[in-house]
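S.K.: what follows is a predicted structure for the sequence shown.
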Amino acid sequence: MSDEVSPPEEGAPRDDFLTRILDQLVDLAQTARDWVRQEAEATVKEKIVPPLQRLGLTVASAFAAATLLAVGMIFVAVAAMVYLTQLVGVPLAFLIVGGVLLVGATVFTIVKVKAMQR
């Protein structure tokens, strides 16, 4: 590139006019981009973030409830096992619980296989 300034040509006023028009178009495009960015940000803050926050709280609450349910069921199962062992003895209690679980698993498997075959 040369540091020399070229002499003005016949189209210089026209080039200056086109340069100003292009600069204004660039400014307009930047303004439009900024406006779209602000509108998108406002829309995300209003319409997307609050539902996601509520969803997160709902999922966390459901997880806490499920955990408490599982712990409660474990305590009930242990208490039932202790009570059953007092009634019929330890070996027979394990036999009864194991048999009930096997029958339940078998019924569940049969129902699922028939549902898959349909």
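M.R.: Done, it's in.
S.K.: report the buried residues of the longest helix seen in the chain.
M.R.: In the chain, assigned by DSSP state H, the helix with the most residues is helix 49-88. Within helix 49-88, the residues that qualify as buried are L84, T85, counting by 16 or more other C-beta atoms under 10 Å. Just so you know, the C-beta spots here come from the backbone N, C-alpha and C atoms, and that holds for glycine as well.
S.K.: quick check: mean pLDDT of that helix?
M.R.: Helix 49-88 shows a mean pLDDT of 95.
S.K.: next SSE downstream of that helix?
M.R.: helix 90-117 (DSSP states H and E).
S.K.: helices or strands next to that next one in the packing?
M.R.: With contacts taken as 3 or more C-beta pairs under 8 Å, 6 or more residues apart in numbering; DSSP states H and E, helix 90-117 sits against helix 49-88.
S.K.: what angle separates the helix it packs on from helix 90-117?
M.R.: Put simply, helix 49-88 runs at 140 degrees to helix 90-117, going by axes from the mean of the first three to the mean of the last three C-alpha atoms, to 10 degrees.
S.K.: so which elements touch helix 49-88?
M.R.: With 3+ C-beta pairs under 8 Å, 6+ apart as the test, helix 49-88 has helix 90-117 packed against it.
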